[in-house]
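Participant: here is the input, now give the coordinates:
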Amino acid sequence: MANTGGYDIGSCIVPTYVSSMPFDPSATGAHYTSTSDYDSGYFVSQDPVGGRVTVSAPSAELSQSISVTR
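Facilitator: Predicted coordinates for the structure are as follows:
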């Protein structure tokens, strides 16, 4: 599922790196059926200057803010 940036990462990740797209079970509507039918429930963004990638889970339990940048 392409997001605001218009890039669909499903086919880039599955099956080369993982067998199926991970999704947040806490996020409403999050699911994985195939690389053309999924909603991970996560936000993925890339810094246009440094190229660093951030993944965050906006529906994390206990109202916590969870993210990682690499």
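Participant: can you give me the helices in this protein?
Facilitator: 10-13 (DSSP state H).
Participant: could I get the contacting residues of the residue nearest in space to the middle of it?
Facilitator: The residue lying closest to the centre of the chain (CA atoms, centre = their mean) is Tyr42, at 4.0 Å. By CB atoms under 8 Å, 6 or more residues apart in numbering, the residues touching Tyr42 are Pro22, Phe23, Asp24, Ala27, Val55, Ser56, Ala57, Pro58. In short, each C-beta sits where N, CA and C put it, glycine included.
Participant: strands - which of those residues land there?
Facilitator: Counting by DSSP state E, the part of the contacts of Tyr42 found in strands is Val55, Ser56, Ala57.
Participant: residue contacts, the residue of the chain positioned farthest from its centre?
Facilitator: Ranked by distance from the centre of the chain (CA atoms, centre = their mean), the top residue is Val49, with 20.6 Å. Neighbour list for Val49: empty [criterion: CB under 8 Å, 6+ apart].
Participant: could you measure from it over to His31?
Facilitator: Separation of Val49 from His31 (CB to CB, to the nearest Å): 33 Å.
Participant: now do Phe23
Facilitator: Distance from Phe23 to His31, by CB to CB: 6 Å.
Participant: which neighbours do those two share?
Facilitator: Tyr38, Asp39.
Participant: quick check: closest non-adjacent residue to Ala27.
Facilitator: Excluding the flanking residues, the one nearest Ala27 by CB to CB, 6 or more residues apart in numbering is Gly41, at 2.8 Å.
Participant: show me what contacts that neighbour?
Facilitator: Phe23, Asp24, Ser26, Ala27, Thr28, Gly29, Ala30, Ala57, Pro58, Ser59 are the contacts of Gly41 under CB under 8 Å, 6+ apart.
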